[in-house]
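[1] Attaching a predicted model along with its sequence, questions to come.
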Amino acid sequence: NSTHTFYALYPATIEGNYTVDGKLNIDNLDLRQSNSYNNLQSIDLMQAKQSQSIVNNAPDFVSLNFDHMLSSVNFSFKMHNSNEGDKMEVTYVLVNGMKCYGTMQEDEWQLSEPSYLWKKLDTPISLITQSYKTCMSDILMFPQDIAAGEVTLYVSYNYTPSGASNAITKVMQAVLPAGRWEAGKKINYTGVIEVDNNIEFATPTVEPWGTEQVGGTIIIQ
């Protein structure tokens with residue numbers, strides 16, 4: 001004749017604690033990386049909560065289904081139609097201005113210290129005009145509002161005009177459109193790169209980022 005509530009936090013290296021009413025506190029979480037962004041070093045912060053009412057006998061197990069607490073940010077590009085026949089290879093992507101350091105106080109993030117993350121592509125990605133190519137994916141970031149002009153994207157690429165034999169290194173700079181990075185969502189930015197012009201962004205798309213992708217359920221018996 002009682003109800004038990006279970007809480008779990010992943011990964012185990014994160015120091016967090018829950019209040020008596022089930023609200024989470026986390027101190028000093030830093031998502032920055034000093035070198036080229038490595039998805040294996042990113043923190044996929046997740047938590048699970050489950051209440052179980054007991055009338056007579058306790059159940060054999062209580063399942064804990066984890067939810068992502070961060071956002072997954074992704075960047076894909078294609079070449080502008082005016083550059084059809086040219087060759088464009090992305091070699092480096094840098095995103096700057098988002099908040100990468102924070103603490104959680106009773107389920108609310110307190111964020112500070114805008115910073116940057118960069119990715120040097122081991123194998124340059126050749127862009128085409130027909131479809132988008134993903135150049136930086138699954139950047140795990142705090143949920144946050146992105147104001148217009150707050151976050152800037154830099155893309156370095158090698159450009160070879162049609163009929164030429166030597167490539168020219170160029171760098172494009174663009175600001176991300178205003179929006180919100182939501183917890184447990186994939187935010188997909190798609191941009192069209194035109195030589196010597198800005199990157200044209202379409203409206204970012206948001207899609208679910210479900211627990212099924214990370215391996216399911218932990219059973220406590």
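    Done, it's in.
[2] beta partners of the spatially most central residue of the chain?
    Nearest to the mean C-alpha position of the chain, by CA atoms, centre = their mean, lies Ser72 at 2.5 Å. Ser72 forms beta bridges with Leu140, Lys186, as assigned by DSSP bridges.
[3] ok now do it, which residues does it touch?
    Ser137, Asp138, Ile139, Leu140, Met141, Lys185, Lys186, Ile187, Trp209 (CB atoms under 8 Å, 6 or more residues apart in numbering). In this view, the C-beta of every residue, glycine as well, is placed from N, C-alpha and C.
[4] with these in mind, which one is nearest to Tyr37?
    Tyr37 has its nearest neighbour among those in Ile139, at 6.6 Å by CB to CB.
[5] Now for the residue lying closest to that closest one once chain neighbours are set aside, how many residues are close by?
    Using CB to CB, 6 or more residues apart in numbering and skipping residues adjacent in sequence, the residue nearest Ile139 is Val73, 4.3 Å away. Using other CB atoms under 10 Å, Val73 has 24 neighbouring residues.
[6] Which parts of this structure are helices?
    Counting by DSSP state H, one finds no helices in the chain.
[7] ok, back up a step: from the contacts of Ser72, list just the buried residues.
    Applying 16 or more other CB atoms under 10 Å to these, the neighbour count classes Ile139, Leu140, Met141, Lys185, Lys186, Ile187, Trp209 as buried.
[8] Okay, the third one and Asn1: tell me how far apart.
    Summarising the geometry, the distance separating Met141 from Asn1, computed by CB to CB, to the nearest Å, is 44 Å.
[9] still on that earlier bit, now that we have the buried ones among the contacts of Ser72, can you turn them into a markdown table and tack on pLDDT and distance to Gly16?
    Shown next, in a markdown table, are the buried ones among the contacts of Ser72 (pLDDT from 0 to 100; distance: CB to CB, whole Å):
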| residue | pLDDT | distance to Gly16 |
| --- | --- | --- |
| Ile139 | 97 | 22 |
| Leu140 | 97 | 17 |
| Met141 | 97 | 18 |
| Lys185 | 96 | 22 |
| Lys186 | 96 | 24 |
| Ile187 | 96 | 24 |
| Trp209 | 88 | 20 |
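[10] For those residues, could you give me a markdown table that also reports distance to Gly179?
    Compiled in a markdown table, those are given as follows (distance: CB to CB, whole Å):
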| residue | distance to Gly179 |
| --- | --- |
| Ile139 | 15 |
| Leu140 | 17 |
| Met141 | 12 |
| Lys185 | 11 |
| Lys186 | 13 |
| Ile187 | 7 |
| Trp209 | 16 |
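[11] Measure how buried Ser162 is and give me the count.
    Neighbours of Ser162 (other CB under 10 Å): 9.
[12] Determine how far stretch 172-190 lies from the middle of the whole chain.
    Offset of stretch 172-190 from its chain centre (CA atoms, centre = their mean, to the nearest Å): 9 Å.
[13] Just the CA coordinates for that stretch, please, in CSV.
    The C-alpha coordinates for stretch 172-190 follow below in CSV (Å, rounded to 0.1, in the frame of the first residue of the first chain):
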residue,chain,number,x,y,z
MET,A,172,32.0,31.0,-45.7
GLN,A,173,30.4,32.6,-42.7
ALA,A,174,26.7,32.7,-41.8
VAL,A,175,24.5,33.2,-38.8
LEU,A,176,22.0,30.6,-37.8
PRO,A,177,18.3,31.5,-37.9
ALA,A,178,16.6,32.2,-34.5
GLY,A,179,15.0,29.2,-32.9
ARG,A,180,15.1,26.8,-30.0
TRP,A,181,17.1,23.7,-29.4
GLU,A,182,14.8,21.4,-27.5
ALA,A,183,15.7,18.5,-25.2
GLY,A,184,15.3,15.1,-26.8
LYS,A,185,15.1,16.5,-30.3
LYS,A,186,17.3,16.4,-33.4
ILE,A,187,17.7,19.9,-35.0
ASN,A,188,18.7,19.7,-38.6
TYR,A,189,20.2,22.7,-40.4
THR,A,190,20.4,22.6,-44.2
